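Participant: With the input below, show me the fold.
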Amino acid sequence: MRANALLSSIFSLDYDIHSVIDTAYFSSFKFRGDIDFDNISQVIYNVEETLKMSEINSLIDEKTKKFVKNKFINFLPYEDNLKLKMELLYSPDDLVKVVKENSVSLIGNSRFRLWR
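Facilitator: Prediction:
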């Protein structure tokens, strides 16, 4: 679930997404605007590089302003605060593993859709 939550957050860096549902089994969201499979593939296969960008820190900070796991978290230095929140809420290593080893697929392109 933490890897899927991070995936949807990464998509929100570049695209206007809504109706986000993240579970341990899938990440589901809808796009506003024009997007094609190549755009989606590019985001998915560049996850590792995206996690190294400074924009990810700003995103975590923005999404977790009201997050209070412990009231003292707000007294930590900025970088430590972000690192702790990343470790508690997201799982970057698992997301990279999913992308590299399991190859993320769109439901529209998988057999799951044929089950209906």
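Participant: Can you pull out the low-pLDDT segments for the chain?
Facilitator: 66-69, 103-116 (pLDDT under 70).
Participant: What are the boundaries of the strands in the chain?
Facilitator: In the chain, the strands defined using DSSP state E lie at 16-22, 27-32.
Participant: end to end, how far does stretch 70-88 reach?
Facilitator: Start-to-end span of stretch 70-88 (Cα to Cα, to the nearest Å) is 11 Å.
Participant: now the strands of the chain as a markdown table including mean neighbour count and distance to Phe72?
Facilitator: Using the backbone N, CA and C atoms, a C-beta is placed for each residue, glycine as well. Putting those into a markdown table (neighbours: other Cβ atoms under 10 Å; distance: least, Cβ to Cβ, whole Å) gives the following:
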| stretch | mean neighbour count | distance to Phe72 |
| --- | --- | --- |
| strand 16-22 | 13 | 27 |
| strand 27-32 | 14 | 31 |
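Participant: any chance of the ones you listed in JSON lines, plus distance to Leu89?
Facilitator: Putting these into JSON lines (distance: least, Cβ to Cβ, whole Å) gives the following:
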{"stretch": "strand 16-22", "distance to Leu89": "11"}
{"stretch": "strand 27-32", "distance to Leu89": "14"}
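Participant: Would you mind saying which of the ones you listed lies nearest Lys85?
Facilitator: If you check each of the strands of the chain against Lys85 by Cβ to Cβ, strand 16-22 wins as the nearest, at 16.0 Å.
Participant: any idea how far the closest one is from the chain center?
Facilitator: Centroid separation for strand 16-22 versus its chain: 10 Å, with Cα atoms, centre = their mean, to the nearest Å.
Participant: begin at 2 from here
Facilitator: Renumbered: residue one is now 2, and that last one reads strand 17-23.
Participant: Fine by me, thanks again.
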